[in-house]
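Participant: From the sequence below, what's the structure:
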Amino acid sequence: MTDITNTDASLDQKLKEAYFTAGQGQLIWQRFKKNKSALAGAWVLIALILSGIFAPFLTPYDATIAGRDKDYMNGAPQIPIFWDDNGFSIRPFIYSFERSRSIKTNFRWVTEIKSELEDRRYVTFFAKGQEFKFLGIKFERHLFGVDRGMIHIFGTDSTGKDIYSRTMTAINTSMAVGTIGVVIAFFMALVIGGVSGYYGGKIDAVLQMITDTVKTIPSIPLFMALAAFVPDTWSAEERFFFISVVLGLIGWTTLARRIRTHLLSERNQEYVLAAELCGASPGHVIRRHLLPSFTSYIIVDLVISFPYMILAETALSFIGLGLKDPVNSLGVMLQNVTSADVLLNYQWYFIPVIFFIILVLAFVFVGDGLRDAADPYSDAK
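Facilitator: Numbering: from 1, shown residues only. Predicted coordinates:
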């Protein structure tokens with residue numbers, strides 16, 4: 001009994017020592033793991049990011065017009081099944097189809113499903129398909145396909161492009177736009193907020209005047225003016241980079257304010273004065289002493305900034321001021337759901353909207369969880 005008591009006491013002592021000697025990152029991770037919604041959001045976010053990165057492999061067809069199915073335009077989702085009236089199959093399958101006109105549907109194309117045994121088209125995995133490049137290497141194997149014809153698990157749009165392939169690619173595009181915008185905003189916030197908070201005085205007043213000016217610029221009129229400025233001859237890549245840069249140039253003000261506020265309160269601390277007395281330059285003091293004490297909050301702010309960047313890109317593309325076809329982004333795909341015809345007849349066009357909502361919510365949950373985990377008083381009762 002005494003040995004068990006001594007063992008428990010020794011274990012408690014080791015746990016206390018581990019807690020008091022743990023780094024800031026370890027403490028944040030331990031607190032973050034306790035937040036179930038934030039942890040679930042992190043797993044969902046990782047899954048979506050990986051889905052976007054590996055979209056060429058995970059999707060059976062090219063997301064552009066090169067991968068369209070001209071025989072199945074505005075086609076409903078084809079859900080693989082395992083059994084029907086003809087019996088059970090160990091391999092999932094879909095049916096063949098025929099297209100015909102119907103007076104009942106105002107002469108729209110409708111699909112007549114064949115349900116004979118020989119009309120089954122079986123799903124295959126690691127199927128050979130359209131060639132694509134990943135990290136400069138050519139591949140032609142995709143996660144899934146069918147033994148005959150094409151499969152569209154999310155349906156197709158009016159041009160016959162596969163909505164599933166477009167959705168996965170759009171996630172990657174929107175994330176790329178958000179990443180570039182956040183990186184640009186991050187460096188501008190570090191420089192402007194750091195200089196403003198460290199020096200104060202007239203420099204702070206001038207930089208804060210610039211910050212207030214940028215913060216008060218209305219985004220929609222700005223992008224309307226920029227949309228008129230952008231030449232029609234620009235390629236999709238040039239427009240993509242331009243939108244990313246502009247989002248970064250107008251998205252740094254909030255983080256710069258927070259960095260400035262932190263540095264104003266910390267610049268007169270003893271460890272900063274000691275570094276200055278040792279001959280450290282202002283840049284060294286800011287980079288090695290002041291900003292590291294604020295690192296966790298900067299990381300949290302960056303994560304929280306991602307959904308706002310994605311929302312901004314989506315909103316601008318939705319109203320026609322951002323990215324446009326042939327670029328596949330969530331905002332571009334949401335342009336297709338504005339008509340009443342889609343709402344009444346082609347409801348599968350709304351599937352990308354679900355992924356957009358999940359992506360934004362995942363970022364929000366992770367950001368809130370990191371913000372609580374980075375707060376040293378979050379566990380205080």
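Participant: what ranges do the helices span in the stretch 101-250 of the chain?
Facilitator: Assigned by DSSP state H, counting those that start in this stretch, the helices in the stretch 101-250 of the chain fall at 163-199, 201-215, 219-229, 236-249.
Participant: What residues sit buried inside stretch 73-90?
Facilitator: 74, 75, 76, 77, 78 (16 or more other C-beta atoms under 10 Å). The way it works is simple: take the backbone N, C-alpha and C, and place the C-beta from them, glycine included.
Participant: any chance of those in a markdown table, plus secondary structure and distance to residue 32?
Facilitator: Shown next, in a markdown table, are those (DSSP: H, G, I helix; E, B strand; the rest coil; distance: C-beta to C-beta, whole Å):
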| residue | secondary structure | distance to residue 32 |
| --- | --- | --- |
| 74 | coil | 44 |
| 75 | coil | 43 |
| 76 | coil | 42 |
| 77 | coil | 37 |
| 78 | coil | 40 |
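Participant: List just the nearest of those to residue 225.
Facilitator: residue 74 (35.8 Å; C-beta to C-beta).
Participant: Can you tell me the element residue 316 falls in?
Facilitator: Element membership for residue 316, per DSSP states H and E: helix 295-318.
Participant: hang on, the earlier thing: possible to save the buried residues of stretch 73-90 as TSV with pLDDT?
Facilitator: Below are these laid out as TSV (pLDDT from 0 to 100):
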residue	pLDDT
74	84
75	83
76	84
77	88
78	88
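Participant: For the helix holding residue 316, name the packing helices and strands.
Facilitator: Secondary-structure packing of helix 295-318 (3 or more C-beta pairs under 8 Å, 6 or more residues apart in numbering; DSSP states H and E): helix 24-34, helix 163-199, helix 236-249, helix 253-266, helix 330-334, helix 351-374.
Participant: Low-confidence ranges, the stretch 1-150 of the chain, go.
Facilitator: The stretch 1-150 of the chain contains residues with pLDDT under 70 at 1-25, 98-117.
Participant: hmm, 80 instead?
Facilitator: 1-29, 84-86, 96-119, 135 (pLDDT under 80).
Participant: how about the strands of it, start to end?
Facilitator: Remark: strands assigned in the stretch 1-150 of the chain by DSSP state E, counting those that start in this stretch are 81-84, 87-95, 97-101, 109-113, 120-134, 137-146.
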